[in-house]
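Participant: Here's a sequence, model it:
(2 chains)
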There are 2 protein chains.
Amino acid sequence: MGFKRKLREAAAENNSLLCIGLDPDPERLPCGLTIAQFNRMIIEATSDLVCAYKPNLAFYEAHGLEGLRALEQTISCIPAGIPIIGDAKRGDIGNTARHYARALYDSFGFDATTLSPYLGLDSIEPFISYADRGVFLLCRTSNPSSKDFQDLKIEGQPLYEYVAFKALEWNIHGNIGLVVGATYPQELARIRQLCPTMCLLVPGVGTQGGDMEAVVRFGTDESGANAIINVSRAVLYASSGSDFATAARMSAIRLRDEMNLHRVAG
Amino acid sequence: MGFKRKLREAAAENNSLLCIGLDPDPERLPCGLTIAQFNRMIIEATSDLVCAYKPNLAFYEAHGLEGLRALEQTISCIPAGIPIIGDAKRGDIGNTARHYARALYDSFGFDATTLSPYLGLDSIEPFISYADRGVFLLCRTSNPSSKDFQDLKIEGQPLYEYVAFKALEWNIHGNIGLVVGATYPQELARIRQLCPTMCLLVPGVGTQGGDMEAVVRFGTDESGANAIINVSRAVLYASSGSDFATAARMSAIRLRDEMNLHRVAG
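Facilitator: Got it, this is the predicted structure:
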């Protein structure tokens, strides 16, 4: 089953726009658990509440081969119906990009990945040619320094909008989406206006401070769908004690319900 | 010893601007060798001819944990005096970038890495704060699609030049360099003019077709140094037979000598 359908079905089944970012920080893991054990318990506590999971590869690569083994174990714990977005933000010349696509789609088996746009179309083509997988191009990221380059004006239009236009132009397989930070609601609204039917991956709710109502209103399409709203730390570390999995579940329920409250009925 | 000094000493010792890109493609490995075996033989045949080695992580990640084990083995084969640039092109928000820096500098132990600029300063800070390591920001990449975004004009100035200016501004630890493709000699000349003392990492000679004389003339600084000229396929696959290591050595000697021919005496 392709990524888009898998996402749509998981979002409908769990009535959820919530994506949990599986970004385990060893300094914050409770009860002496390993990364793989922690993730498994988070997944078991939340898999009926999410539309997707999104492990960020940095948190695994930081621990070398052992960390990547924990990522493989984590992937194998996620129920088959829930799509997995490998947040890798890769971007390299065409010949090299083919190898990254193989790593992310074939070796890890991710349903979708995130990519940096800086190298242009030939860096993205090897990914979008996997027509059953998803690609989320970085457009307006959630961090404070995103303005350094993404806000630069090209004939009056900010670079991130130009990236959104290119994403529309390149979307011949219908599998390109955009990453737009929840911390910039006006920019999110503008991108939703430019790309009314595109899937938007929206990180930055929770610890990063994005406003939930604006994120849901501007992030979703006119049917109240097609947005993946990612929360990492506010779920993973809802409690630092032995009740962390229950606390993560409570936090995920609260976030999912708050998102649904602001959603237009589909 | 810091990256800059290690690079300077290796370049002087081997009288070389040549960096060999260790990008092993399993379909092209001779004699049924594994990636680690092939790389070891390439390194043994060339380590007195280079100023650095540059493994691109995509070629290892494509093979999962086994590929990353081969990368670790490869790193351990490289003589201690030769700097190793982990070509990773990462770029993520600050909190995540810290983990990538740990992966590349602490876990793999690279002396330097390549980074994408798209997320701005907070994505780069965790790397440059390792003052003894190097960072090469993608500026004007060697691929045909680099024009898609990098050539866009910001008040008349192309984006890649704007990136070069930011690199100058952010270079408080003196450990930032730039990646500029050999396939764009005019752009390379312009960046060398803007950044007269910065170290430039120049891929795209050989298979990608960059012109050697222009690359050396425009890539080096006024003392004929401070450029790392990378060649991958033209060395690794100089022969597809059992004489591949000897052929790689011959190719590396030819490339190094051709570079030196065009160099201003230091």
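Participant: Now residue A:179, what are its backbone angles?
Facilitator: As for residue A:179, its main-chain torsions (degrees, to the nearest 10) stand at phi -100, psi 120.
Participant: That one against residue A:135, yeah?
Facilitator: No. Counting by C-beta atoms under 8 Å, no contact exists between residue A:179 and residue A:135, whose distance comes to 10.3 Å. Using the backbone N, CA and C atoms, a C-beta is placed for each residue, glycine as well.
Participant: bridging residues for residue A:177?
Facilitator: Residue A:177 has the following beta-bridge partners by DSSP bridges: residue A:136.
Participant: For it, which residues are in contact?
Facilitator: Residue A:177 is in contact with A:112, A:134, A:135, A:136, A:137, A:167, A:198, A:199, A:200, A:201, A:228, counting by C-beta atoms under 8 Å, 6 or more residues apart in numbering or on different chains.
Participant: what's the farthest-apart pair in the residues you listed?
Facilitator: In terms of C-beta to C-beta, the contacts of residue A:177 reach their longest pairwise distance at A:167 and A:228, which sit 15.5 Å apart.
Participant: more neighbours, these two?
Facilitator: For residue A:167 against residue A:228, the residue with the higher neighbour count under other C-beta atoms under 10 Å in any protein chain shown is residue A:228, and the figures read 27 against 22.
Participant: Now residue A:143: closest residue in space, sequence neighbours ignored.
Facilitator: Counting by C-beta to C-beta, 6 or more residues apart in numbering or on different chains, residue B:93 is the residue found nearest to residue A:143 once chain neighbours are left out, at 3.9 Å.
Participant: just checking, next helix/strand downstream of the helix or strand hosting residue A:95?
Facilitator: Counting by DSSP states H and E, the secondary-structure element that holds residue A:95 is helix A:94-101. The element immediately downstream of helix A:94-101 (helix or strand, assigned by DSSP H and E) is strand A:112-115.
Participant: how about the next helix or strand after that next one: buried residues?
Facilitator: With elements assigned by DSSP H and E, the helix or strand that comes after strand A:112-115 is helix A:125-128. Using 16 or more other C-beta atoms under 10 Å in any protein chain shown as the burial criterion, the residues of helix A:125-128 that qualify are A:125, A:126, A:127, A:128.
Participant: Run a quick neighbour tally on the nearest residue to the first one once chain neighbours are set aside.
Facilitator: The reference is to residue A:125. Among residues not flanking residue A:125 along the chain, residue A:94 sits closest, at 6.6 Å (C-beta to C-beta, 6+ apart). Under the neighbour criterion other C-beta under 10 Å, residue A:94 is assigned a count of 17.
Participant: wait, residue A:94 sits on residue A:123?
Facilitator: Yes. Look at residue A:94 against residue A:123 with C-beta under 8 Å: they come within range, at 6.5 Å.
Participant: Please report how far the residue nearest to residue A:143 lies from residue A:91.
Facilitator: In this structure, residue B:93 and residue A:91 are 15 Å apart, going by C-beta to C-beta, to the nearest Å.
Participant: Likewise for residue A:207?
Facilitator: Spatial separation of residue A:207 from residue A:91 under the definition C-beta to C-beta is 26 Å.
Participant: Which residues are in contact with the nearest residue to residue A:203 once chain neighbours are set aside?
Facilitator: When the adjacent residues along the chain are set aside, residue A:203 lies closest to residue A:230, with 4.2 Å between them (C-beta to C-beta, 6+ apart). Applying C-beta under 8 Å, 6+ apart, we find residue A:230 in contact with A:19, A:20, A:21, A:54, A:201, A:202, A:203, A:204, A:205.
Participant: what secondary structure does the residue nearest to residue A:246 when sequence neighbours are not counted sit in?
Facilitator: If you skip the residues right next to it in sequence, residue A:246 has residue A:45 as its closest partner in space, 6.9 Å away by C-beta to C-beta, 6+ apart. When classified by DSSP: H, G, I helix; E, B strand; the rest coil, residue A:45 comes out as helix.
Participant: contacting residues for residue A:45?
Facilitator: A:245, A:246, A:248, A:249, A:252.
Participant: what about 6 Å?
Facilitator: The contact partners of residue A:45, taken as C-beta atoms under 6 Å, 6 or more residues apart in numbering or on different chains, are A:245, A:248, A:249.
Participant: Where does pLDDT dip in chain A?
Facilitator: Screening chain A residue by residue with the criterion pLDDT under 70, one finds the ranges A:265-266.
Participant: longest helix in it, by residue count?
Facilitator: The helix spanning the most residues in chain A, taking DSSP state H as the definition, is helix A:244-261.
Participant: Show me what that helix is packed against.
Facilitator: The contact analysis (3 or more C-beta pairs under 6 Å, 6 or more residues apart in numbering or on different chains; DSSP states H and E) places helix A:244-261 against helix A:35-46, helix A:233-236.
Participant: touching chain B at all, the last one?
Facilitator: No. Contact of helix A:233-236 with chain B is not found when judged by C-beta under 6 Å from any C-beta of the partner chain; the minimum separation is 8.6 Å.
Participant: Spell out which parts of chain A neighbour chain B.
Facilitator: Residues of chain A lying near chain B by C-beta under 6 Å from any C-beta: A:56, A:58-59, A:61-62, A:64-65, A:68, A:89, A:91-93, A:96, A:99-100, A:102-103, A:107, A:116, A:118-122, A:141, A:143-146, A:148-149, A:152, A:154.
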